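Chemist: Predicted model and sequence below, questions to follow.
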Amino acid sequence: KRHKFWETQPVGQFKDFGDRSLPEGPIEAPTPLSEVKQEPYNLPSQYEWITCDMDSEEMCNEVYNLLTSNYVEDDENMFRFNYSKEFLQWALRPPGYFRSWHIGVRAKSSKKMVAFITGVPARIRVRETIVNMAEINFLCVHKKLRSKRLAPVMIKEVTRRVHLENSWQAAYTAGVVIPTPITTCQYWHRSLNPKKLIDVGFSRLGARMTMSRTIRLYKLPDQTATPGFRKMEPHDVPAVTRLLRNYLRQFVLSPDFDENDVEHWLLPKENVVDSFLVESPETHEITDFCSFYTLPSSILGSQNYTALKAAYSYYNVSTKTPLTQLMNDALIVAKRKDFDVFNALDVMHNETFLKELKFGPGDGKLHYYLYNYRIRRVLRPSELGLVLL
Ligand SMILES: CCCCCCCCCCCCCC(=O)CSCCNC(=O)CCNC(=O)[C@H](O)C(C)(C)COP(=O)(O)OP(=O)(O)OC[C@H]1O[C@@H](n2cnc3c(N)ncnc32)[C@H](O)[C@@H]1OP(=O)(O)O
Ligand SMILES: CCOC(=O)c1cnc2ccc(OC)cc2c1SCCC#N
């Protein structure tokens, strides 16, 4: 397949696939800042760039309205991600964020936002090397402006603005295959509200299964099972940071979280992120951690429902409580919070609990990518310690 744009970019190219002679690390050296293009890339004359101040309620509404109607849908157009405004503000304003990396395109005449792309800074460890990367996300072109090669312009512009902040690598995920995935993960889904998932057509009644039998199959207790299991609180940040940093060291690729990062990404925030830990009743040591984020989707073709409440497994650490028991407690809390489904990727040690906890494999794949950073070989999902929103 010809990738006219991606063949011009410093990313692993399909033709180089498996070439062990190529060294691991940056593909291109940084450009002297004086040589980075100072002015924005050209847009078709009827459009203009806008920098999106996510602190502004009005701008946040514009971003939300573009994404809620034009962002990612599954292959059968059953769902469309419906990131909430508070989620977007959380996702886009981590420690050290740059407003200039929140990029929109507006039609001059209608004043409507027609495209969006974002970056946030992240310290990512690749094996033993810490790399300052941009995590790129929320690339979106209005449905009416698709297939006009606008995406490459969006990508070049965010690249230029990241370069201006002396950052030369990026990490991103996509459902599409472009040069070149560093790993490919599978989504798994655990029904919490099987009746709704069957009604909207996502799940089907199993053979020889009645609806009541199916509801019973997925039933969960009202109370969590692990002694000392509780919601994370601000005073837990130092201990959770130590626990998480130590746990993530085993993976080839993972964030290099410090306490500021943990405070932002993992402290509970209503309708955005939930996090729990196990504090040993005897020693008061924090031994385990689990978290999930809230990402609803619009349901596109159902008469009975318009919204799917989905929880997505985020970062989990098990050092004393078996991971399966810890994640079952996460399912119990998610069900109590009225989520319809609990989703997880087969990254980290997730595959050890998926089948036992009645997750089913999705038909969607998620490909991980690095920009301007070659890795020796493709990774197994279990070598990946990075979850992007
Ligand atoms: C050092 C810093 C570096 C920072 C930057 C790092 C890189 C960041 C990269 C971005 C990471 C984003 C991560 C992220 O946000 C998470 S993945 C979610 C992407 N968004 C959606 O799927 C929303 C719905 N779809 C759309 O809005 C459009 O279809 C989009 C805008 C996706 C493409 O618009 P379009 O109207 O359908 O297409 P054209 O404009 O005509 O352009 C066609 C070209 O775009 C390539 N394409 C298509 N989808 C892509 C995708 N998801 N990533 C990368 N490239 C993608 C495609 O291969 C082709 O290039 P090729 O001819 O070479 O094959
Ligand atoms: C019921 C299980 O499926 C989803 O939760 C879901 C919801 N919304 C989406 C919107 C766009 C979309 O485009 C790929 C997929 C979904 C999916 S399945 C893949 C995400 C996970 N887990």
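Modeler: Nice, I can see it. Ligands and ions are numbered 1, 2, ... in the order given.

Chemist: List the buried residues for the helix or strand containing Ser291?
Modeler: Taking DSSP states H and E as the criterion, Ser291 maps to strand 286-294. For strand 286-294, a neighbour-count test (16 or more other CB atoms under 10 Å) marks 286-294 as buried. From N, CA and C alone the C-beta is placed, and that goes for glycine too.

Chemist: hmm, which two among the residues you listed are most spread apart?
Modeler: Within those, two members stand farthest from each other by CB to CB: Thr287 and Thr294, at 25.5 Å.

Chemist: For Pro95, see how far away the residue in the stretch 101-250 of the chain that ligand 2 sits nearest to is.
Modeler: Per CB to the nearest ligand atom, Tyr187 is where the stretch 101-250 of the chain lies closest to ligand 2, at 3.7 Å. Per CB to CB, to the nearest Å, Tyr187 is found 29 Å from Pro95.

Chemist: quick one: Lys320 from Lys15, how far?
Modeler: Lys320 is 48 Å from Lys15, by CB to CB.

Chemist: Tell me which of these two has more neighbours.
Modeler: Lys320 (13 against 9; other CB atoms under 10 Å).

Chemist: Would you mind measuring from that one to Pro227?
Modeler: 11 Å.

Chemist: So for these two, which residues contact both of them?
Modeler: Residues within reach of Lys320 and of Pro227 at once, by CB atoms under 8 Å, 6 or more residues apart in numbering, are Val278.

Chemist: So for the strand or helix carrying Leu66, mean pLDDT?
Modeler: Per DSSP H and E: Leu66 is located in helix 57-70. Here helix 57-70 scores 98 as its mean pLDDT.

Chemist: So is the following helix or strand past it next to ligand 1?
Modeler: Per DSSP H and E, the first helix or strand lying C-terminal to helix 57-70 is strand 79-81. No: for strand 79-81, no contact with ligand 1 is found by CB under 6 Å from any ligand atom; the gap never falls below 8.4 Å.

Chemist: Quick one: end-to-end length of stretch 371-384, please.
Modeler: 16 Å (CA to CA, to the nearest Å).

Chemist: With stretch 48-63 instead?
Modeler: Where stretch 48-63 begins and where it ends lie 15 Å apart, using CA to CA.

Chemist: What of stretch 208-220?
Modeler: First-to-last distance for stretch 208-220 - CA to CA - comes to 22 Å.

Chemist: Pull out the buried residues from it.
Modeler: Those would be 214, 218, 220, for stretch 208-220 by 16+ other CB under 10 Å.

Chemist: Once you drop chain neighbours, what's closest to Thr129?
Modeler: Gly25 (7.4 Å; CB to CB, 6 or more residues apart in numbering).

Chemist: Name the residues of the stretch 151-300 of the chain found near ligand 2, please.
Modeler: 175, 187, 189, 197, 202, 297.

Chemist: on that earlier part again, for ligand 1, state which of the buried residues of strand 286-294 is nearest.
Modeler: Tyr293 (15.1 Å).

Chemist: Distance-wise, check that closest one relative to Ser313.
Modeler: Distance from Tyr293 to Ser313, by CB to CB: 9 Å.

Chemist: among the residues of the stretch 151-300 of the chain next to ligand 2, which are in helices?
Modeler: Leu197 (DSSP state H).

Chemist: I'd guessed the residue nearest to Thr129 sits against Arg374; true?
Modeler: Yes: between Gly25 and Arg374 there is a contact under CB atoms under 8 Å: 6.5 Å.

Chemist: When those two are compared, which one has more neighbours?
Modeler: Under the criterion of other CB under 10 Å, the comparison of Gly25 against Arg374 puts Arg374 first, with 19 against 15.

Chemist: Quick check: pLDDT value at that one.
Modeler: For Arg374, pLDDT reads 97.

Chemist: so it touches Ser21, yeah?
Modeler: No: using CB under 8 Å, Arg374 makes no contact with Ser21, being 11.2 Å away.

Chemist: and the stretch 251-389 of the chain, which residues reach ligand 1?
Modeler: Residues of the stretch 251-389 of the chain lying near ligand 1 (CB under 6 Å from any ligand atom): 371-372.

Chemist: For the stretch 51-200 of the chain, what lies in contact range of ligand 1?
Modeler: Residues of the stretch 51-200 of the chain lying near ligand 1 (CB under 6 Å from any ligand atom): 70-72, 134, 136-141, 146-152, 155, 158-159, 162, 168-170, 172-174, 176, 178.

Chemist: Show me the residues you listed that map onto helices.
Modeler: Using DSSP H, those in helices are 70, 150-152, 155, 158-159, 162.

Chemist: Distance of Asn132 relative to Ser34?
Modeler: 20 Å.

Chemist: Ok, Thr68 next?
Modeler: From Thr68 to Ser34 the distance is 41 Å (CB to CB).

Chemist: Compare neighbour counts for those two and give me the winner.
Modeler: More crowded of Thr68 and Ser34, by other CB under 10 Å: Thr68, with 16 against 6.

Chemist: measure that one to Glu356 for me?
Modeler: Applying CB to CB to Thr68 and Glu356 gives a distance of 36 Å.
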